[in-house]
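[1] From the sequence below, what's the structure:
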Amino acid sequence: MEVHLVDATYELFRAHFAPRPPVRGRDGTILSGVAGLIEQLLALTRIEGASHVGCATDRVIESFRNELFPGYKSSAGVPPELLAQFPIAEEAIAALGFVVWPMVELEADDAIASACHQLRADPAVERIVICTPDKDLAQLVDGDRVVLRDRRRGITYDAAGVVAKWGVPPSAIVDWLALVGDAADGYPGIPGWGAKSAAAVLARYGSIEAIPPRAADWDVPGLRGAPRLAAALEAHRPELATYRTLARLRIDAAIVVTAPDLAWRGVPRGRWLAFCARWGLDRLAERPHRWRDEPADGGATTGPG
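    Numbering: from 1, shown residues only. Model (predicted):
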């Protein structure tokens, strides 16, 4: 059995900012992100053959990480018409018959990490495909059983692929992010440490704790500026601990996940048609390729964040 875990927030953002005419629903409401998310989820089952699917969303962008670091990503600067689509997107996912986990205190990435943690214990789950290009989730990759799938580019990263892309194995992604920083998430990393230098040092030592404190003791062929890097590392250790906490995904989201619960059995016709009528998405009403005729409230489930 193969399970797909979808970063629905990423798909929502991607579709909203796509260079194409906006999709407008009832009363002119902009629903470009929602429409694109719907198309992507249907394509996942129709074209890519996904049979067991779970979707995670950020019901609100802020999370516990904003309390740890003031500069962490927030809803500031996000267009109001995009923020307004978040609850509609969750409604759309459920109306399509998929499981959706809306996160509040945690993030969508944490929901995916928690689901992955639970599903890995099931021997019937042969492969977990995490659908997102987000490098944060590369820390979850495990051999070729848990992989990261960039569907837009058609690239799948197993453990070897993570090393080829970012220069470190999945087990070192958190430390790599802490050293380099993540502009998308709003934390800067350690001054002077770039992607290549961090990858070279972590490839040699495996973790931040294992890096010798004195540059004279470093054994990293071809590395330049070791004294400067070592000094910056020691000077910024308090910040480094915070950055690692920001980068490390949580596996304790308040969701309970089993593979059978994620089985997609088609779009519940009544619920879907009611959703499209409510939001004025008439052009999507007959888009589903597989129907499930049962009561409008049957099917998908949601979980708290």
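[2] Tyr205 and Asp219, how far apart?
    Tyr205 sits 9 Å away from Asp219, going by Cβ to Cβ, to the nearest Å. The way it works is simple: take the backbone N, C-alpha and C, and place the C-beta from them, glycine included.
[3] cool, Asn66 as well?
    Distance of Asn66 to Asp219, computed by Cβ to Cβ: 39 Å.
[4] Which one's more surrounded, those two?
    Asn66 (16 against 9; other Cβ atoms under 10 Å).
[5] Not counting residues beside it along the chain, what's closest to the more buried one?
    In space, and not counting its chain neighbours, Asn66 is closest to Tyr72: 4.9 Å by Cβ to Cβ, 6 or more residues apart in numbering.
[6] Give me the number of neighbouring residues for Arg224.
    Arg224 has 10 neighbours, counted by other Cβ under 10 Å.
[7] give the contact list for the closest residue to it other than its chain neighbours.
    Nearest non-adjacent residue to Arg224, counting by Cβ to Cβ, 6+ apart: Ser197, 8.0 Å away. Contact partners of Ser197, counting by Cβ atoms under 8 Å, 6 or more residues apart in numbering, are 223-225, 229.
[8] By neighbours, which of those wins?
    Most neighbours among those, by other Cβ under 10 Å: Leu229, with 25 neighbours.
[9] how about the strands of this protein, start to end?
    Ranges of strands in the chain, per DSSP state E, are 2-7, 52-58, 99-103, 127-131, 146-150, 155-157, 267-268, 291-292.
[10] related to what we said a few turns ago, and the residue nearest to Arg224, how far from Gly189?
    Going from Ser197 to Gly189 by Cβ to Cβ gives 11 Å.
[11] and if you look at Glu126?
    36 Å.
[12] more neighbours, those two?
    Neighbour totals were compared for Glu126 and Gly189, and Gly189 leads with 23 against 10 (other Cβ under 10 Å).
[13] pretty sure that one is touching Asp175, no?
    No - applying Cβ atoms under 8 Å, one finds Gly189 not in contact with Asp175, separated by 10.8 Å.
[14] before we move on, back to that, which residues touch the residue nearest to Asn66?
    For Tyr72, the contacting residues are 65-66, 185-187, 246, by Cβ under 8 Å, 6+ apart.
[15] Let's have these in TSV, adding distance to Arg269 and pLDDT.
    Formatted as TSV, those follow (distance: Cβ to Cβ, whole Å; pLDDT from 0 to 100):
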residue	distance to Arg269	pLDDT
Arg65	40	97
Asn66	41	97
Asp185	40	96
Gly186	42	96
Tyr187	45	97
Leu246	43	98
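[16] Let's have the residues you listed in TSV, adding distance to Asp144.
    As requested, the contacts of Tyr72 are exported to TSV (distance: Cβ to Cβ, whole Å):
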residue	distance to Asp144
Arg65	30
Asn66	35
Asp185	27
Gly186	32
Tyr187	31
Leu246	28
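[17] Looking at the strands of the chain, which is nearest to Gly77?
    When the strands of the chain are compared by Cβ to Cβ, strand 52-58 sits nearest Gly77, at 15.0 Å.
[18] No further questions, thank you.
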